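Engineer: The following block contains a protein sequence and its predicted model.
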Amino acid sequence: MRAASPHRNLVYLPLLLIITSGILTGQHSIPAQERTGFDGPAELPRFYVKSSVADTPAPGHVLQVKDGDGLKDGLRRAACGDTIVLQADATYVGHFELPAKSCDDGHWIVIRTSTPDSSLPPEGTRITPCYAGVSSLPGRPPFHCNSTKRVMAQIGGVEGQKKIISNSAGANHYRFLGVEIADTGANGDAGGYYNLVLLKDANHIIFDRCWIHGTPIGEDVKGIQFEGSSYIAVVDSYISDIHSKTSAYGADSAAIGSVTGIGPLKVVNNFLEAAGTNILWGGGRSETVLSDIEFRHNHVFKPLIWWEKSPNYFGTKFAVKNSYETKNSIRELIEGNVFDNNWKMAQKGTAILLYPKNQYGACPGCTVHDLVFRYNIVRHTVNAMGMASTKATTCAGEPGNGTGSCNFLSGPIYNIYIHDNLLEDISEPTYDGSCCAGGALWGIGTDQPSNWPHDITIEHNTGFPVGSGILSVFVAPPRVVDNFVFRDNLVGSGDYGFRGIPIGGGNKGCAGPDGALGALERCFNQTWKFTNNVIVNTSRKPTPAGDPYPKTPHCGALKSCSQFFPKDWKGVGFVNFNNGNGGNYRLLPSSPYHNAGTDGKDIGADMDALNAALAGVAP
């Protein structure tokens with residue numbers, strides 16, 4: 001822990017002496033042509049958060065503060081447009097509350113390190129702990145530090161508190177720049193802060209090039225949690241060591257999360273690490289929806305040193321669930337991210353969960369719709385993606401997860417477009433260890449009597465499952481999934497291919513002996529489309545997985561359809577298959593599936609577009 005300065009004073013400087021601020025717009029802005037409209041069946045966000053330095057002018061005074069009490073006083077005294085400067089070699093200890101002031105888009109309050117912009121990463125470049133004097137963290141990707149000089153100011157918590165930064169209702173127009181927000185051990189190394197940052201009823205708050213972290217074994221459950229707040233942005237930042245031990249709060253730790261929204265929200269170009277669910281929207285006693293979410297260019301990560309089966313396991317057991325989960329959100333763009341490492345522990349080990357959930361009965365309108373998931377990599381996990389509208393069984397007033405007697409219904413999941421993603425090393429035997437329950441690329445289902453999933457399109461994806469297979473659907477007819485499209489995908493079959501699975505309690509659901517065709521005809525209405533998919537038989541069983549697949553004339557609303565069944569991966573024609581883990585999955589010009597999609601493109605993910613979207617995201 002760094003010592004705080006004993007001085008407690010504010011120094012007002014002329015505006016011309018303010019630290020030079022960059023005026024770059026940032027390399028990760030949404031292209032203008034994508035700012036409105038639709039992608040497939042899904043509407044894109046209607047509103048985007050402006051987060052560049054040029055968009056957050058602070059033309060007022062400069063206030064230099066020397067310690068925690070000085071920072072509190074600075075926050076109280078700062079006028080809209082002022083900049084509060086923290087010394088790069090100091091730690092500011094306390095619980096800091098952002099006051100509500102009548103600021104506007106032309107007059108922000110900036111809280112920043114004294115280090116000039118020229119010694120920070122350029123705007124649009126992710127910061128690392130190098131800038132706080134830390135050259136590496138165990139089990140994380142290397143930082144490749146050019147220097148470990150401390151150039152970030154540190155804000156640390158105080159003993160007995162459960163949060164470090166919070167706000168008065170209505171706080172607005174604050175920007176943190178080049179700041180480390182840290183559990184410095186005031187509550188003990190194994191203690192922590194339930195929320196490092198907790199925003200309630202705030203708006204226009206930006207975290208830019210910040211490192212937000214707990215301690216290696218602490219009970220630091222939430223990195224940034226926001227509720228009832230709008231125009232929130234986290235950009236070019238690094239969030240790490242967010243976790244909850246199984247003996248304490250449980251599994252729902254999150255690097256960034258919100259139960260009550262409301263958005264819009266921008267999360268772009270960050271490293272985001274948490275044990276429970278790295279990103280978590282909705283759940284709990286949610287009554288309002290989170291809308292207009294831009295989630296791009298992030299590395300979402302769990303270090304394998306947290307995994308008990310890893311040879312490098314470090315000895316503290318954290319509760320692990322998912323990489324990304326939404327229970328209540330609309331108009332969401334998830335693009336150009338890498339989701340790394342997720343294993344079976346507190347749940348089944350599914351990396352991406354799109355699950356509307358009305359957990360306590362107060363949110364029958366909780367829904368997930370108009371979501372685009374494109375140009376992402378999901379890798380090293382039990383299952384890749386699950387989509388369902390299910391009955392919640394957590395009863396108000398009951399402890400824990402309830403008794404299962406409430407059966408609260410949610411809204412549906414719909415208008416989902418999943419395209420041009422790579423699903424790699426999706427492996428039940430590696431990350432689960434049990435038989436037959438994992439290793440699926442996708443799952444779709446519902447157990448609700450109404451509000452069934454509909455308008456879901458999965459196309460131009462490349463995936464390598466080991467275990468269950470392509471897609472598992474759990475629906476009990478006469479429930480059906482409307483307007484389902486599965487085309488132009490390049491996937492391994494796994495052990496079961498595309499199949500229906502039993503619901504439980506003697507209900508067979510879509511399960512049957514007639515393979516993918518039977519599941520489609522029983523659990524999807526006749527608008528389904530299933531065509532031009534390359535399915536490589538990778539079953540560990542003696543018979544091909546998922547047969548029979550739809551063929552002419554069994555194509556739903558299509559007049560004709562084709563599927564392709566190479567006998568092994570060699571027949572696909574990849575540049576370098578590499579056993580489906582770290583390969584180059586472009587198709588050679590000689591591949592029989594080059595330009596063989598329904599749209600004349602290569603079957604599988606557009607690897608050039610995917611690689612362009614992922615440039616610089618992860619090693």
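Structural biologist: Structure's in. What do you need?
Engineer: Output the below-cut-off pLDDT ranges for the stretch 401-550 of the chain.
Structural biologist: Applying pLDDT under 70 to the stretch 401-550 of the chain picks out residues 401-405, 433, 435-437.
Engineer: what about the strands in it?
Structural biologist: Counting by DSSP state E, counting those that start in this stretch, one finds strands in the stretch 401-550 of the chain at the ranges 413-419, 422-427, 440-446, 454-459, 462-466, 469-474, 482-487, 490-492, 498-500, 529-531, 533-536.
Engineer: between these, which gets nearest to Thr148?
Structural biologist: Between Thr148 and the strands of the stretch 401-550 of the chain, the shortest separation by CB to CB is 32.8 Å, and it involves strand 422-427. All C-beta spots, glycine's among them, are computed from the backbone N, C-alpha and C.
Engineer: Now name the helix or strand holding Gly74.
Structural biologist: Using DSSP states H and E, Gly74 sits in helix 68-77.
Engineer: Going toward the C-terminus from that helix, what's the next helix or strand?
Structural biologist: Elements were assigned by DSSP H and E; along the chain past helix 68-77, the next helix or strand is strand 83-86.
Engineer: what's downstream of that following strand, the next helix or strand?
Structural biologist: Downstream of strand 83-86, the next assigned helix or strand under DSSP H and E is strand 91-93.
Engineer: ok, and for whichever helix or strand comes after that next one, which residues are buried?
Structural biologist: Heading C-terminal from strand 91-93, the first helix or strand you meet, by DSSP H and E, is strand 96-98. For strand 96-98, the neighbour count (16 or more other CB atoms under 10 Å) marks Phe96, Leu98 as buried.
Engineer: Excluding sequence neighbours, find me the nearest residue to Val93.
Structural biologist: The shortest distance from Val93 to any residue other than its chain neighbours is 4.4 Å, reached at Gly68 (CB to CB, 6 or more residues apart in numbering).
Engineer: Distance-wise, check the one you found relative to Thr215.
Structural biologist: As judged by CB to CB, to the nearest Å, Gly68 and Thr215 stand 19 Å apart.
Engineer: Likewise for Asn576?
Structural biologist: Asn576 is 41 Å from Thr215, where distance means CB to CB.
Engineer: Helices along the protein, start to end?
Structural biologist: 68-77, 428-431, 515-523, 607-613 (DSSP state H).
Engineer: could I get these as CSV with distance to Pro141?
Structural biologist: Supplementary listing: the helices of the chain in CSV, determined by distance: least, CB to CB, whole Å:
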stretch, distance to Pro141
helix 68-77, 32
helix 428-431, 19
helix 515-523, 38
helix 607-613, 18
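Engineer: Can you check which of those gets nearest to Asn376?
Structural biologist: Short answer: helix 607-613, nearest of the helices of the chain by CB to CB, at 8.0 Å.
Engineer: Report the rounded mean pLDDT for stretch 49-57.
Structural biologist: Over the span of stretch 49-57, the pLDDT mean works out to 98.
Engineer: What residues sit buried inside that stretch?
Structural biologist: Burial within stretch 49-57, assessed by neighbour count using 16+ other CB under 10 Å, is assigned to Val49, Lys50, Ser51, Ser52, Val53, Asp55, Thr56.
Engineer: Show the end-to-end separation of that stretch, please.
Structural biologist: In terms of CA to CA, to the nearest Å, the two terminal residues of stretch 49-57 are separated by 15 Å.
Engineer: Tabulate the strands of the stretch 401-550 of the chain (JSON lines), appending distance to Gly283 and mean neighbour count.
Structural biologist: As requested, the strands of the stretch 401-550 of the chain are arranged in JSON lines below (distance: least, CB to CB, whole Å; neighbours: other CB atoms under 10 Å):
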{"stretch": "strand 413-419", "distance to Gly283": "15", "mean neighbour count": "24"}
{"stretch": "strand 422-427", "distance to Gly283": "25", "mean neighbour count": "26"}
{"stretch": "strand 440-446", "distance to Gly283": "18", "mean neighbour count": "26"}
{"stretch": "strand 454-459", "distance to Gly283": "22", "mean neighbour count": "24"}
{"stretch": "strand 462-466", "distance to Gly283": "28", "mean neighbour count": "27"}
{"stretch": "strand 469-474", "distance to Gly283": "21", "mean neighbour count": "26"}
{"stretch": "strand 482-487", "distance to Gly283": "26", "mean neighbour count": "21"}
{"stretch": "strand 490-492", "distance to Gly283": "30", "mean neighbour count": "27"}
{"stretch": "strand 498-500", "distance to Gly283": "28", "mean neighbour count": "26"}
{"stretch": "strand 529-531", "distance to Gly283": "33", "mean neighbour count": "23"}
{"stretch": "strand 533-536", "distance to Gly283": "34", "mean neighbour count": "25"}
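Engineer: out of the ones you listed, which comes closest to Pro138?
Structural biologist: Among the strands of the stretch 401-550 of the chain, if distance is taken as CB to CB, the winner is strand 422-427, at 21.9 Å.
Engineer: Show me the contact partners of that closest one.
Structural biologist: The contact list for strand 422-427, computed with CB atoms under 8 Å, 6 or more residues apart in numbering, reads 376-385, 439-441, 461-467, 580-582, 585, 605, 607, 610.
Engineer: Run through who's touching stretch 515-523.
Structural biologist: With CB under 8 Å, 6+ apart as the contact definition, stretch 515-523 has outside contacts at 473, 475, 477, 479-481, 497-500, 509-512, 528, 530, 546-550, 554, 556.
Engineer: What subset of the residues you listed is buried?
Structural biologist: Using 16+ other CB under 10 Å as the threshold, 473, 475, 479-481, 497-500, 509-511, 528, 530, 546-547, 549-550, 556 are the buried ones among the contacts of stretch 515-523.
Engineer: which among the buried residues of stretch 49-57 gets closest to Asn146?
Structural biologist: For the buried residues of stretch 49-57, the residue nearest Asn146 by CB to CB is Val53; the value is 22.3 Å.
Engineer: what's the spacing between Gly40 and Phe373?
Structural biologist: Noted for Gly40: a distance of 10 Å to Phe373, by CB to CB.
Engineer: just to revisit the earlier point, so which of the helices of the chain gets nearest Pro264?
Structural biologist: From those, taking CB to CB, the stretch that ends up closest is helix 607-613, at 20.8 Å.
Engineer: For that closest one, give me every contacting residue.
Structural biologist: Helix 607-613 has contacts (CB under 8 Å, 6+ apart) with 297, 335-336, 374-375, 377, 420-422, 462, 584-586.
Engineer: possible to save those as CSV with distance to Gly94?
Structural biologist: What follows is those, written out as CSV (distance: CB to CB, whole Å):
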residue, distance to Gly94
His297, 33
Glu335, 38
Gly336, 37
Arg374, 43
Tyr375, 42
Ile377, 40
Asp420, 47
Asn421, 44
Leu422, 45
Thr462, 50
Asn584, 51
Tyr585, 51
Arg586, 53
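Engineer: Just the buried ones out of the residues you listed, please.
Structural biologist: Neighbour-count burial (16+ other CB under 10 Å) is assigned, among these, to His297, Glu335, Gly336, Arg374, Tyr375, Ile377, Asp420, Asn421, Leu422, Thr462, Tyr585, Arg586.
Engineer: Excluding chain neighbours, give the residue nearest to Lys222 in space.
Structural biologist: Taking CB to CB, 6+ apart, and ignoring the residues beside it in sequence, Lys222 has Asn195 as its nearest neighbour in space, at 4.5 Å.
Engineer: Quick check: the one you found touching Glu227?
Structural biologist: No: using CB atoms under 8 Å, Asn195 makes no contact with Glu227, being 10.2 Å away.
Engineer: residue contacts, Ala384?
Structural biologist: Contacts of Ala384 were listed using CB under 8 Å, 6+ apart, and they are Thr350, Ala351, Ile352, Val378, Leu423, Ile426, Ala440, Leu441, Trp442, Gly463, Pro465.
Engineer: And Trp306, by the same measure?
Structural biologist: By CB under 8 Å, 6+ apart, the residues touching Trp306 are Gly139, His243, Ala275, Tyr313, Phe314, Thr316, Phe318, Val320.
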